[in-house]
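Visitor: got a structure for you, letters missing:
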């Protein structure tokens, strides 16, 4: 199994950022992390705020999410990264990630996204898609990643992409990775 430099770099970035978040969360005391899906409020918010009426308020949850998003109004992001070799990477309407690079093309439909509760600045996502490589290899893949909005209209991401590649008559199971920076228009 070949390990590409981009796979190693993505693993190093995710590991470093995860360790940094873990160290800062445990150094000052105990902090609990909770994974929250996009259309749900955190459990601590649900328990602390019990409204007198039975109607839910989705606008409050969406405004909380938008404060962590990376700005921009058109729903289109573009940037540079390492996915299919050196690549032009992008995102359309927060649902389709794509990469066009030296080694091929890839696209992923993001079916689930959320954020970590607490002071964790990352948002997570999961998706499915496919890739075509220059050497006549193609196949489906799964995208599991994190995004970090770091400035107005800018975000960085890192993802792991387990895949199944068809190469002539061979079938190979592998894992890829991608990292990149995008600007939102």
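Guide: Good, I have the coordinates. Computed from a predicted structure; not experimentally measured. Residues are numbered from 1 along each chain as shown.

Visitor: List the buried residues in stretch 91-103.
Guide: 91, 97-99, 101, 103 (16 or more other Cβ atoms under 10 Å). Backbone N, C-alpha and C define where each C-beta goes, glycine included.

Visitor: need those residues in CSV with pLDDT and secondary structure, can you?
Guide: As requested, these are arranged in CSV below (pLDDT from 0 to 100; DSSP: H, G, I helix; E, B strand; the rest coil):
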residue, pLDDT, secondary structure
91, 96, strand
97, 96, strand
98, 96, strand
99, 96, strand
101, 95, strand
103, 92, coil
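
Visitor: who touches the closest residue to residue 93 other than its chain neighbours in this structure?
Guide: Among residues not flanking residue 93 along the chain, residue 75 sits closest, at 4.2 Å (Cβ to Cβ, 6 or more residues apart in numbering). By Cβ atoms under 8 Å, 6 or more residues apart in numbering, the contact set of residue 75 is 92-94.

Visitor: what are the ranges of the strands in this structure?
Guide: Taking DSSP state E as the criterion, the chain carries its strands at 35-37, 76-83, 85-92, 96-101, 104-116, 123-133, 137-151, 154-167, 170-184.

Visitor: least trustworthy helix or strand in the protein by mean pLDDT?
Guide: The helix or strand of the chain with the lowest confidence, counting by mean pLDDT, DSSP states H and E, is helix 58-66 at a mean of 39.
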